[in-house]
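Q: Model the following, please.
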Amino acid sequence: MSKPRTIDVDTSTFVRFWLVILALGLIGLFIWKALAGLILIGIAAFLAIAIRPLAQKISRLFNREQAVFGSVVAYVLIIGVIVVILALVAPLVIGETTQFLSRLPNNFEQAFGGWDGINSFGQSIGIDDLRKEIIGAISSFSQNLVGNLGSVLVSSVGTISQVATGAILVLVLTLFFSLEGPGIVADFWGRLERSSADGQKAKLLQSYRRLSERMINVVSTYVSRQVMVAVLDGLVVTVVVLLLTMVFGLSGDLALPMGLIAMIFYLIPMFGPILSCMLITIMIFFSSPPAAIIFLVFYVIYAQIENNVIAPKIQGNALKLPATMILIAIIIGMYMFGLVGAIVAIPIAGCIRVLIEEWPEIQRLREESREL
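A: Below you'll find the model as predicted:
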């Protein structure tokens, strides 16, 4: 049996230990309290990095050496596109929903043959008076809706105001990051390089800088190419819906908004095209079931061509991530931060891949720097 051992710790080491614990606790408390604000800052930084390729192309297009010009034009252009999308898509969704509700009684009559048909159907599944059950359920739903309407309105107003405030802050921060971010980053690395006179430390610093530049390039490249494929997807859907409206005598106003819906949903990794296909098919179905079936068949075929030929050609497999890792990243991001987490999960996974590739070289330079 071994004897108990006594470890002597001087007072300064003891104090430093608990100061570190206290500091870690305070940092954790700060992150927890400021988590919402930190998420907004992260989203703004992500968007600023994402629009950098567009800003650079605009600057080159107009032969402007100043990055500020391209950033401002790109920012205004993106805001304008968002406003146009909301102005076109929102009325379509509201109008189609209203049209569906107005057609609901006729569709019910055609599908079930009125109350006699619904009662016959209920008896076939063991319910003697399905009409009474439906009326009772609707009555109960109406009473609960009226009773909770006040609290729902109050909570909705609070939620809308919070979302609006967050959106405004993200837009303002994105503009500031786009204008001042490159200068701040360049000044930061310049100060570090001037303070690193030692050759080995300079090499280590260059490795860190290369790592950060590769991560920024991963984010900007992925987002820009994803947007290109999304725009193509939206154009294809617009053309197809326009042709269907001409063939089946539907309103031509459906084409552009549905194309915008397809473009927006394509930005949601993996699940977005499926959701847009279902939504557009349902909305067309309200006006013409045959047109909806044709669109569904076409989009399923086109999605296979897009995922296996078009998207890899445009994106060039820039992230070099297997499908399994992409799906894992999306699931983790979605459960941690919802829709925003799902959207940014893939470029973050790409940044982690870059870190894994660069880390052995950084570790080697760090060890050589310690030996010196």
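
Q: Mind checking what secondary structure residue 270 has?
A: coil (DSSP: H, G, I helix; E, B strand; the rest coil).

Q: For it, which residues are in contact?
A: By C-beta atoms under 8 Å, 6 or more residues apart in numbering, the contact list for residue 270 reads 326-327, 330. The way it works is simple: take the backbone N, C-alpha and C, and place the C-beta from them, glycine included.

Q: Of these, just the buried ones, PyMOL syntax please.
A: If you want just the buried ones from the contacts of residue 270 in PyMOL, going by 16 or more other C-beta atoms under 10 Å, the selection is:
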select buried, resi 326+330
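
Q: Now for residue 205, how many residues are close by?
A: 17 (other C-beta atoms under 10 Å).

Q: okay, the helix or strand where residue 255 lies in CSV with CA atoms only?
A: Assigned by DSSP states H and E, residue 255 belongs to helix 255-266. These are the backbone C-alpha positions of helix 255-266, laid out as CSV (Å, rounded to 0.1, in the frame of the first residue of the first chain):
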residue,chain,number,x,y,z
ALA,A,255,-43.3,32.4,-63.1
LEU,A,256,-40.9,35.0,-61.7
PRO,A,257,-41.9,34.7,-58.0
MET,A,258,-41.7,30.9,-58.1
GLY,A,259,-38.2,31.2,-59.7
LEU,A,260,-37.2,33.5,-56.9
ILE,A,261,-38.6,30.9,-54.3
ALA,A,262,-36.4,28.2,-56.0
MET,A,263,-33.4,30.5,-55.9
ILE,A,264,-33.8,31.4,-52.2
PHE,A,265,-34.4,27.8,-51.0
TYR,A,266,-31.4,26.5,-53.0
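
Q: From residue 322, how far off is residue 57?
A: Plainly put, residue 57 is 31 Å away from residue 322 if you go by C-beta to C-beta, to the nearest Å.

Q: So if I had to pick from these two, which one is more boxed in?
A: residue 57 (13 against 9).

Q: Is the more buried one in a helix, a strand, or coil?
A: On the basis of three-state DSSP, residue 57 is classed as helix.

Q: Quick check: it touching residue 70?
A: Yes: the pair residue 57 and residue 70 qualifies as a contact (C-beta atoms under 8 Å) at a distance of 7.5 Å.

Q: For whatever helix or strand residue 336 lives in, which helices and strands make contact with it?
A: Counting by DSSP H and E, the element that carries residue 336 is helix 323-371. Packed against helix 323-371 by the contact rule (3 or more C-beta pairs under 8 Å, 6 or more residues apart in numbering; DSSP states H and E) you find helix 35-50, helix 199-248.

Q: and residue 179, helix, strand or coil?
A: With three-state DSSP as the criterion, residue 179 reads helix.

Q: is it true that it touches residue 73?
A: No: taking contacts as C-beta under 8 Å, residue 179 lies outside contact range of residue 73: 11.9 Å.

Q: Backbone dihedrals for residue 322, both of them.
A: phi -70, psi 160 (degrees, to the nearest 10).

Q: ditto for residue 271
A: phi -90, psi -20.

Q: hmm, which helix or strand of this structure has the shakiest average pLDDT?
A: The helix or strand of the chain with the poorest confidence is helix 114-124; it has a mean of 63 (mean pLDDT, DSSP states H and E).

Q: could you give me the average pLDDT of the helix holding residue 336?
A: Mean pLDDT, helix 323-371: 80.

Q: and if you look at stretch 172-190?
A: Stretch 172-190 comes out at a mean pLDDT of 82.

Q: ok, how many other residues are close to residue 208?
A: Should you count by other C-beta under 10 Å, residue 208 turns out to have 14 residues around it.

Q: could you measure it against residue 180, distance?
A: 21 Å.

Q: CA atoms only: put stretch 232-242 into CSV for me.
A: Provided in CSV are the C-alpha atoms of stretch 232-242 (Å, rounded to 0.1, in the frame of the first residue of the first chain):
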residue,chain,number,x,y,z
LEU,A,232,-29.3,29.2,-62.5
ASP,A,233,-31.9,27.0,-60.6
GLY,A,234,-34.2,30.0,-60.3
LEU,A,235,-33.9,30.8,-64.0
VAL,A,236,-34.7,27.2,-65.0
VAL,A,237,-37.8,27.1,-62.7
THR,A,238,-38.9,30.5,-64.0
VAL,A,239,-38.8,29.3,-67.6
VAL,A,240,-40.5,26.0,-66.9
VAL,A,241,-43.3,27.6,-64.9
LEU,A,242,-43.8,30.2,-67.6
